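Q: Quick one, what's the 3D model for this:
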Amino acid sequence: MASTLAIDIQYASPAIEKNIKSIVSSITIKKWVKETTQHSGSLTLRFVNQAEGKKLNAAFRKKDAATNVLTFPYELTKKTVAADIIFCFPVIQKEAREQGKTVKAHLAHLVVHGCLHAQGFDHEIEKEAKKMENREIALLKLLGFTNPY
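A: From the prediction side, this is the model:
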């Protein structure tokens with residue numbers, strides 16, 4: 001039986017939605033998620049502004065600044081996953097400029113990154129970080145993007 005993954009994409013404002021959709025379609029974002037996620041279940045991707053990103057990062061990570069992606073995993077079994085993944089679009093745009101990448105390529109990387117976190121991957125320990133990075137590189141290549149590192 002094929003896995004069924006429900007993917008909900010939310011935008012904090014019409015301006016963010018317009019901005020993102022001018023770069024990449026919701027269909028393409030969902031394709032990235034499906035390619036990265038081998039589980040059934042439910043993932044919500046929410047694209048937020050600086051203020052919401054900062055508020056969430058402060059509340060959940062005690063950091064007084066917005067970050068590019070936050071993953072909130074709720075369920076993970078061998079077959080199912082449930083998580084919310086929050087993307088701070090202004091941070092993503094700024095990082096893409098600073099790193100000399102297209103916003104689309106950087107966003108693809110962070111979608112893959114967030115989905116891997118939802119599936120239990122982490123990068124706190126060097127060995128685990130290398131494993132996660134290698135998986136990201138392979139998935140991004142499959143999606144048509146170059147090595148983000």
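
Q: packing partners for the worst-scoring helix or strand of the chain on mean pLDDT?
A: Least confident helix or strand, the chain: helix 50-61 with a mean of 91, by mean pLDDT, DSSP states H and E. Secondary-structure packing of helix 50-61 (3 or more C-beta pairs under 8 Å, 6 or more residues apart in numbering; DSSP states H and E): strand 69-76, strand 80-88, helix 89-99. Heads up, the C-betas are built off the backbone N, CA and C, glycines and all.

Q: Out of those, which gets nearest to Glu128?
A: Comparing the helices and strands packed on helix 50-61 against Glu128 with C-beta to C-beta, the closest turns out to be strand 69-76 (14.7 Å).

Q: Adjacent strands (with direction) for the closest one?
A: Strand pairing for strand 69-76, using DSSP bridges, gives strand 80-88 (antiparallel).

Q: re the thing from before, got the buried residues for the least confident helix or strand of the chain?
A: Judged by neighbour count (16 or more other C-beta atoms under 10 Å), helix 50-61 contains these buried residues: Glu52, Gly53, Lys54, Leu56, Asn57.

Q: from those residues, which is closest to Lys31?
A: Gly53 (24.5 Å).

Q: buried stuff in stretch 126-133?
A: Met132, Glu133.

Q: contact partners of stretch 116-134?
A: 36-39, 43, 69, 71, 73, 76, 81, 83, 85, 113, 135-136, 149 (C-beta atoms under 8 Å, 6 or more residues apart in numbering).

Q: and of those, the nearest to Lys94?
A: Lowest distance from Lys94 to the contacts of stretch 116-134 (C-beta to C-beta) belongs to Val69, with 13.5 Å.

Q: And the closest one, how far from Ala51?
A: 17 Å (C-beta to C-beta, to the nearest Å).

Q: could you dump stretch 14-22 to CSV, C-alpha only?
A: C-alpha atoms of stretch 14-22 as CSV (Å, rounded to 0.1, in the frame of the first residue of the first chain):
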residue,chain,number,x,y,z
PRO,A,14,-1.5,37.3,1.5
ALA,A,15,1.8,39.2,0.9
ILE,A,16,3.9,36.2,1.9
GLU,A,17,1.7,33.9,-0.2
LYS,A,18,2.1,36.1,-3.2
ASN,A,19,5.9,36.3,-2.7
ILE,A,20,6.4,32.6,-2.4
LYS,A,21,4.0,31.7,-5.2
SER,A,22,6.0,34.0,-7.5
